Structure formats: structure tokens, C-alpha cells
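Chemist: here is my input; please provide its structure:
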Amino acid sequence: MRRRELLGLAGGAAMATALGSIRVAGAEAAPKRLVVVMLRGAVDGLNVVVPYGEAAYYDGRPTIAIQKPGADNGALALDGHFGLHPALAALTPLWTDRQLAFIHAAGSPDPSRSHFDAQQFIENGTPGRATTPDGWLNRTLAAMPGPRSPTDALSVGPTLPFILKGPVAVANLPLGPRAAQPMAIDKPEIASAFDKLYAGAGKQADAYRQGRQARTQLVADMSAEQQMADNGAPPADAFAGIAGRLAQLLVQDPHIRLAFASLGGWDTHVNQGNHTGQLAGRLKPLGEGLATFAKALGPTWNDTIVVVISEFGRTVRENGNTGTDHGHGNVIWLAGGRVNGGKVYGDWPGLATGQLYEGRDLAVTTDFRHPLGAILERHLRLDDKALAKIFPGMPPAKGNLGQILSA
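Modeler: Numbering: from 1, shown residues only. The predicted structure is shown next:
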């Protein structure tokens, strides 16, 4: 495999306690959306987008390797060198329609193999600098022009993640059937008391009023979907349910510009499996959830880009417990109507021993900030000055930044 051309793709203000986990956000209503899904625990990118053209891949993984396309339970062919894990079969229509792409050998240039540190660097957008006080999605929100709406940015999960923390407040929606469950603040007498308490001017009063507005809007958006589910319970396939609810919110609320969700359970040190097993069992609902999300968005999908990212990859060689340990390079997923898909992008360094990072890992040849920067610039229309604030200290990208997105 010849070296590929590197494509340089290129928490919010606190709310009043009475509002629970709902927080507020801001940005002008516009059709362009960015959704980030973070896989916490370091997903094994080499078994997600399988380099079946490399003998070293099979040499290093006698138990957990995914077989070549055409073999029983083999990878789904993407091109002449890479294949997709068979558990992600739900995504093949997006690939065929050129709305799904992957960037291999991508990740943080920081060498840390600590989950905590690596996740922080992915979320703060400043690899190696732990003192950055806010997340890059919050800085993105601050850079967007136009009037503010309380639901401009949305985090789906139990707590506000670091990636959205910062001076611009964002909405945080809990998972599951409790998301729209009545709270004390929904009672008219309590709401009236708090309305009087925060009737004046100032940051706390503004945060309260924005939070009340966000709470009202999100509960209204959720109510119809909650009624259709069995007693408001999420579906057994958790991510498919999350994706469906998020899609409904995006369709119903045109103000939402940025959204974030994360999934855990990707730290596969033991019994990782191959086409079946622990990793496959997580990839299948993820793929089905993304396919559900794309379909549920309808025409909105054409103006939406989804980025799936993890803190780092895993070792090329399987360990003695038929799992993989913390690595370095990984694969970033891109999906959406404007993605120039049907391609595996990136500068593939190879898996021979001499090509590995520190003799054990896939090397990082694409800084994760470069594809994100290209999306912010070409999709969200942010200028160079804004990008310099969102990703301070980002080195210049190599290659053609435009190819990852269609015109």
C-alpha cells in the first residue's frame, strides 16, 4: 500500500439549581448543524476500519482480526485496502451514497495513553495543555454570529461534558425517560416564585430566564416521542433510542446548531472479540443508531455533519487476554449530506514494525483538529480568526482541506 496523500481536513454558564441539569446556549438559528459523538474508552479503530491489505494486521491479531472481504463474517469492502467491521452493516447505504467517510491514522498528537488526559485534550482542543478552561465546542458557539437562542447547543447525557463547558451556556438534556419528567420548577407556584426572585438584571437572572426558556422548549420537543415509547422508557438498543430522540429535537427545533453525545464501554482490554463479541456488540447499536439518525432527520440530514471520535486507538498486537491495550492512532468517522464520502482519507503509515509509533501503535498522521477545523470553516462558515481562537496553537494542515466536504 503506497502512502496516501494526507488530507488536512483541516461548560456553559451555570443555571439556577431549580432547573436541574438544563442549561442554556446561544447562536443564531441556521440550517447548518454539527453533531459530535465521542466514544469514551478508546475504540479499536483497526477493527472498525480494517486494513485487510496489511499482512502485519493479521500477524499481530491471530484471534481478534476481522477476516478479509469475501470470507465468512469478513469485513465489508470499502476499497482495495480497507474494510468495515461487519457489525456496522447498517452504515453501508451511507457509504454507497457517498455520505460516509473515514480518516485513518488520525488522533491527538499528544502521546498520553491516559483516558482522562486524552479525553480532556480531545474536548479542550489543545493537546498537551490541560489548563485550557473551556471546550472547543463552547468556543465554536461563541464564534457563531447572530442572536442567541437557549437551545443553540445541546448535550444529550447526564452531565454537561467538558467539550461544551465555557462562558457561553448550553442546554443539557438527561438521557432516558426522565428527560422530560416533570420537575419542581414546572409547577406554576414554584415557577412563579423563582420568576420573581430572578426578575431583575444581571448574569444570574439572565441565566435563569434562558434556562426556563430552554427547559420549556426541550420538554415540548420531547413530549410527543415520550408518549410513543412504552411508558416513556428508552428502547433496549440505547444508542438507537438516543439518536432517534436527538433527531426529533433537531427537526423540531431549528435553533439547535451544535449537539454532543458520548458512549462508554470501548476499553476492550479483555476478550475483545472479532466479528462477534464485546466490540461487535457495541458497534452494532452504534451503526444502527447512526443510520436511524440519518433517516429520521429527513431533509435536515443534507445540512448536518456527524463526527465520531475517540480519545486514542489501541495496540496493533492483541494482548494475552485476547484484547488490546491503549494505543495512539485511530479512525475518525464523518457522515452527513455534505460529506464527500465513499473514501478512506488520511496518510496511511502502515503497520510494519518499523512504521509503528513507539514500536506498538498505529501512528497519528492527521491531527484531529484539522478535519474539525475544515468542518468549522467550510460547513459552519467560520473564518481564520475564529479558528485560531477555537484551536489555538494548531499547526498548519497539509494537503487539500476541501476534498472531505462536497461543494
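Chemist: those helices in the stretch 301-407 of the chain, which residues are they?
Modeler: Along the stretch 301-407 of the chain, counting by DSSP state H, counting those that start in this stretch, helices occupy 369-378, 384-390.
Chemist: buried ones in the shortest one?
Modeler: When neighbours are counted by 16 or more other Cβ atoms under 10 Å, the buried residues of helix 384-390 are found to be 386-387, 390. Every residue, glycine included, has its C-beta placed from N, CA and C.
Chemist: try stretch 309-325
Modeler: 309-318, 322-325.
Chemist: from one end of it to the other, what's the distance?
Modeler: Stretch 309-325 has an end-to-end distance of 18 Å (Cα to Cα, to the nearest Å).
Chemist: separation between the closest residue to Thr126 other than its chain neighbours and Ile390?
Modeler: Counting by Cβ to Cβ, 6 or more residues apart in numbering, Thr126 lies nearest to Thr132, which is 4.4 Å off, once chain neighbours are set aside. As defined by Cβ to Cβ, to the nearest Å, Thr132 lies at a distance of 11 Å from Ile390.
Chemist: so what sits against both of those two?
Modeler: Common contact partners of Thr132 and Ile390 (Cβ atoms under 8 Å, 6 or more residues apart in numbering): Gly125.
Chemist: mind listing what the residue lying closest to Trp333 once chain neighbours are set aside touches?
Modeler: Counting by Cβ to Cβ, 6+ apart, Trp333 lies nearest to Val308, which is 3.7 Å off, once chain neighbours are set aside. The contact partners of Val308, by Cβ under 8 Å, 6+ apart, come to 37-39, 286, 290, 332-335.
Chemist: report the beta-bridge partners for Val308.
Modeler: Val37, Trp333 (DSSP bridges).
Chemist: per-residue confidence for Gly176?
Modeler: On pLDDT, Gly176 comes in at 51.
Chemist: just Gly241 next, same as before
Modeler: Reading off the model, Gly241 has pLDDT 80.
Chemist: ok, Arg2 next?
Modeler: At Arg2, pLDDT is 36.
Chemist: and Ala75, by the same measure?
Modeler: With respect to pLDDT, Ala75 scores 98.
Chemist: I figured it hits Lys68, correct?
Modeler: Yes - look at Ala75 against Lys68 with Cβ atoms under 8 Å: they come within range, at 6.5 Å.
Chemist: which residues does Pro93 contact?
Modeler: Listed by Cβ under 8 Å, 6+ apart, the contact set of Pro93 reads Ala291.
Chemist: quick one: what helix or strand has Leu34 in it?
Modeler: strand 33-39 (DSSP states H and E).
Chemist: and that strand, what other elements does it pack with?
Modeler: helix 115-124, strand 258-263, helix 278-297, strand 304-310 (3 or more Cβ pairs under 8 Å, 6 or more residues apart in numbering; DSSP states H and E).
Chemist: ok and the first one relative to strand 33-39, angle-wise?
Modeler: What that stands for is helix 115-124. Orientation of helix 115-124 against strand 33-39 (axes from the mean of the first three to the mean of the last three Cα atoms, to 10 degrees) gives an angle of 170 degrees.
Chemist: and the longest one, by the same measure?
Modeler: Between the axis of helix 278-297 and that of strand 33-39 there is an angle of 170 degrees, by the same axes, to 10 degrees.
Chemist: just give me how far helix 278-297 sits from the chain centre.
Modeler: From the chain centre to the centre of helix 278-297 is a distance of 13 Å (Cα atoms, centre = their mean, to the nearest Å).
Chemist: list the buried residues in that helix.
Modeler: 278-280, 282-294, 296-297.
Chemist: repeat that for the first one.
Modeler: Within helix 115-124, the residues that count as buried by 16+ other Cβ under 10 Å are 115, 117-124.
Chemist: may I have it as PDB, with CA atoms only?
Modeler: Presented in PDB, the C-alpha positions along helix 115-124 are these (Å, rounded to 0.1, in the frame of the first residue of the first chain):
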ATOM      1  CA  HIS A 115      -8.100   8.100  29.200                       C
ATOM      2  CA  PHE A 116      -8.600  11.100  31.400                       C
ATOM      3  CA  ASP A 117      -5.900  13.200  29.800                       C
ATOM      4  CA  ALA A 118      -6.500  12.100  26.300                       C
ATOM      5  CA  GLN A 119     -10.300  12.800  26.500                       C
ATOM      6  CA  GLN A 120      -9.600  16.200  28.000                       C
ATOM      7  CA  PHE A 121      -7.300  17.100  25.100                       C
ATOM      8  CA  ILE A 122      -9.900  16.000  22.600                       C
ATOM      9  CA  GLU A 123     -12.500  18.100  24.400                       C
ATOM     10  CA  ASN A 124     -10.500  21.200  25.100                       C
END
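Chemist: for that helix, packing partners?
Modeler: Using 3+ Cβ pairs under 8 Å, 6+ apart, helix 115-124 sits against strand 33-39.
Chemist: could you give me the average pLDDT of the strand it packs on?
Modeler: 95.
Chemist: point out where the stretch 201-350 of the chain drops to low pLDDT.
Modeler: Residue ranges of the stretch 201-350 of the chain with pLDDT under 70: 203-237.
Chemist: which residues of the stretch 1-150 of the chain score low on pLDDT?
Modeler: Ranges of the stretch 1-150 of the chain meeting pLDDT under 70: 1-31.
Chemist: on that earlier part again, dump the helices of the stretch 301-407 of the chain to CSV, plus mean pLDDT and distance to Val251.
Modeler: Listed next are the helices of the stretch 301-407 of the chain as CSV, based on pLDDT from 0 to 100; distance: least, Cβ to Cβ, whole Å:
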stretch, mean pLDDT, distance to Val251
helix 369-378, 96, 21
helix 384-390, 97, 27
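Chemist: can you lay out those helices as CSV showing distance to Leu94?
Modeler: Formatted as CSV, these follow (distance: least, Cβ to Cβ, whole Å):
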stretch, distance to Leu94
helix 369-378, 17
helix 384-390, 27
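Chemist: mind checking which of those is nearest Phe162?
Modeler: Comparing those by their distance to Phe162 (Cβ to Cβ), the top pick is helix 384-390, with 14.7 Å.
Chemist: the closest one: how far from the chain's middle?
Modeler: The answer for helix 384-390 is 21 Å, by Cα atoms, centre = their mean.
Chemist: that one packs against which elements?
Modeler: helix 136-143, helix 369-378.
Chemist: now these in CSV, with distance to Val43?
Modeler: As requested, the helices and strands packed on helix 384-390 are exported to CSV (distance: least, Cβ to Cβ, whole Å):
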stretch, distance to Val43
helix 136-143, 20
helix 369-378, 17
